[in-house]
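For reference, the sequence and a predicted model appear below.
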Amino acid sequence: MDKNWYRNMSVYQIWTRSFCDSNGDGIGDLPGVLSKMDYIQSLGVNGIWFSPIYPTPNADYGYDISDYMNINPEFGTLEDFKKILDEAHKRGMRVFMDLVINHTSDEHQWFKESAKSADNPYSDYYIWRKGRGKNPPNNWLSVFEGSAWEYNKDREEYYLHVFAKKQPDLNMDNPKVREEVKKILRFWLDMGVDGFREDVITFISKAEGLPNGFPLPVATGIEHYKHGPHLEEYLREFREVQNEYDCFAVGEGPMTGVKDAVKYCSDGKDKLLDMLISFDHMNADCFMADWIKTPFSLKKLKSAMSSWQNEMYGKGWNCLYIENHDHARIIDRYGDPKYRRESGKMLAAMYFLQWGTPFIYQGQEIGMGNIKLDRVEDYKDVLTFNNYRLFKKLLHFSDEKFLELASKVSRENARTPVQWNSGENAGFTTGTPWFKVNENYKEINVESQENDPDSLLNFYRKLNAFRRNNDLVVYGRYKEYYHSSSDLYVYSRKRKGERLLVVCSFREKPVRFKAPKDFDLSRGEIVFSNYKDLPHEGNGFVTKPYEVRVYHFK
Ligand code: GLC
Ligand code: CA
């Protein structure tokens, strides 16, 4: 069995609620996805990852699950899902589910039972503690909503929630809970699902005794669970089940550096995860978290990317991405919306041609942008509201100032409906969309880019076609040049006698590029570029705004 198929794969991420609505209720759904299977296939991807599509009260839009073995009725039925699975497999595409097991919804049956008393079969499914007098058990703060502890009157105890109040953390130290996780794995794998994206998987083991944490404005205590004492042991248990199937697992690892990632992802018998979703390269315009904004630093981006490229190489495998449902749109962050098409292509080539499996998030392929909302109430997400409270309280932000910041950094920028055409509601729904459609849909939509050979959409298609079964791109060794340049990102890929040279300008202004000494540009074939006119000057060129050129040397 070739268990390395995921190395030749590229993945499309679907956040169903905003993808395509089939029945006019304003909410994207699975029949909507099914109607777009040709489109997804046309991108040249061979994997689909679904953000959670299970029943949920939507406290965190699906990342709060109330039933792990069913489909969110807003999205459809298990039958609808099986049709998608079938269609995908017929087309040579794999399907991955989001496995959210650090926490459940407080509306999950387990939690309802658990909250009733300290002596029923579900009592120890969650992390319950007595308070310290009138205070919660320790000083931990959640990522989403104040204290990480919520008092429950029936049980007269507090439960731990590292995220929202409606997301109680499971007690993974309880072997019964781990058995439940294995049942969930088997349920989907037996149905034919090809693997999992494992949500905040590095958080599932909490330090013995739950000691107080170093005080922070949010997520106090994180040092006591970001790589807890039993993490590897629990991952190994889950992996044993996964190993019975032909499947793969990508873990999400907030605050996980490449050194730790190598521990989990190294090839060999004890590999726990096939790859890890890093956050390092998503911090090039912020400090630790998206909301603490700083000017974009190309050097920070290059250092982050190069360290994962170099330190993982030959050991495990990388996960490549620049967008998902948790971050604002990338062109508005690392590119330039004035040059949407040019900078969009530059960013695409920059990450896609690195070593690892590339992921594309819905709408990224057409260069969808951030949204500016007029009122705080127009937002939908618990994280945005938490930041609203924090920025008001700690920094005395006005609504206006907050809305300005949110329009740059909120993850909701990535959650506006996909823009399919220039018709009403961008072709997303015939009803009232659950969340505002970006006003720019008349210019930016799939239909207008379909037939334009120079569109960003067709650029992504070409990248996929070029990468597929191309050993140079899939396996070649990465090397970075001109690390100290704050304008250019230059790297090469090399395998046997073949090489690729990727030159990316992150600036509007002209920048003089001179090829590194062992490259003769006149001998290279330009396989990707975002301008028509491609002059050379000496063994180099002067860049146009956000220019990218990819040279292939045989
Ligand atoms: C992950 C998800 C994010 C979610 C959080 C809590 O980071 O990607 O969307 O809010 O976990 O489940
Ligand atoms: Ca619908």
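Good, I have the coordinates. Ligands and ions are numbered 1, 2, ... in the order given.

going forward, measure contacts and count neighbours with C-alpha atoms only.
OK.

Correct me if wrong: residue 398 contacts residue 392.
Yes: counting by CA atoms under 8 Å, residue 398 touches residue 392, with 6.9 Å between them.

What is the end-to-end distance of stretch 539-550?
In stretch 539-550, first residue to last residue: 14 Å (CA to CA, to the nearest Å).

Can you give me the buried ones in that stretch?
Going by neighbour count (16 or more other CA atoms under 10 Å), the buried part of stretch 539-550 is 540-550.

next one: stretch 288-308
Quick answer for stretch 288-308 (16+ other CA under 10 Å): 290-291, 293, 297-308.

Which members of these are positioned in strands?
Among the buried residues of stretch 288-308, the residues falling in strands (DSSP state E) are 290-291, 293.

out of the residues you listed, who's nearest residue 508?
Relative to residue 508, the closest of these is residue 293; by CA to CA it sits at 21.4 Å.

Just give me the residue right at the centre of the protein.
When CA atoms, centre = their mean is applied to the chain, the residue found nearest the centroid is residue 324 (3.8 Å).

tell me which parts of this protein are close to ligand 2?
21, 23, 25, 27-29 (CA under 5 Å from the ion).

Which ChimeraX command selects the buried ones in the residues you listed?
For the buried members of the residues of the chain next to ligand 2, the matching ChimeraX selection, counting by 16+ other CA under 10 Å, is:
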select :21,27,28,29
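
Let me know the pLDDT of the residue of the stretch 201-350 of the chain found nearest ligand 1.
Nearest residue of the stretch 201-350 of the chain to ligand 1, counting by CA to the nearest ligand atom: residue 326, 5.5 Å away. Note for residue 326: predicted pLDDT of 98.

circling back to that earlier point, hmm, residue 361 and the residue nearest to the centre of the chain touching each other?
Yes: between residue 324 and residue 361 there is a contact under CA under 8 Å: 5.3 Å.

can you list contacts of stretch 319-337?
13, 15, 250, 275-278, 282, 285, 290, 296, 340, 343-344, 347, 351-352, 354-361, 364, 367-370, 408-415, 506, 546 (CA atoms under 8 Å, 6 or more residues apart in numbering).

what about it, how long is it end to end?
This stretch, stretch 319-337, spans 26 Å end to end (CA to CA).

With residue 144 as the reference, measure out to the closest residue to residue 224 other than its chain neighbours.
Leaving out its chain neighbours, the residue that sits closest to residue 224 by CA to CA, 6 or more residues apart in numbering is residue 207, at 5.2 Å. Per CA to CA, residue 207 is found 21 Å from residue 144.

Those two: which is more packed in?
residue 144 (23 against 15; other CA atoms under 10 Å).

thought the more buried one was touching residue 388?
No: taking CA under 8 Å as the definition, residue 144 is not a contact partner of residue 388, at 11.2 Å.

can you tell me the distance between the two ends of stretch 161-177?
End-to-end distance of stretch 161-177: 16 Å, with CA to CA as the criterion.

element containing the residue in the stretch 451-554 of the chain that ligand 2 sits nearest to?
In the stretch 451-554 of the chain, the residue that lies nearest ligand 2 is residue 457 (25.3 Å; CA to the ion). In the assignment (DSSP states H and E), residue 457 maps to helix 456-467.

Please save the CA atoms from that helix in CSV.
What follows is helix 456-467, C-alpha atoms only, in CSV (Å, rounded to 0.1, in the frame of the first residue of the first chain):
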residue,chain,number,x,y,z
LEU,A,456,-5.8,34.0,-10.5
LEU,A,457,-8.1,31.0,-10.7
ASN,A,458,-6.4,29.7,-13.7
PHE,A,459,-3.0,30.4,-12.1
TYR,A,460,-4.0,28.1,-9.3
ARG,A,461,-5.0,25.5,-11.8
LYS,A,462,-1.7,25.7,-13.5
LEU,A,463,0.1,25.4,-10.2
ASN,A,464,-1.8,22.2,-9.4
ALA,A,465,-1.2,20.7,-12.8
PHE,A,466,2.5,21.5,-12.6
ARG,A,467,2.9,20.1,-9.1
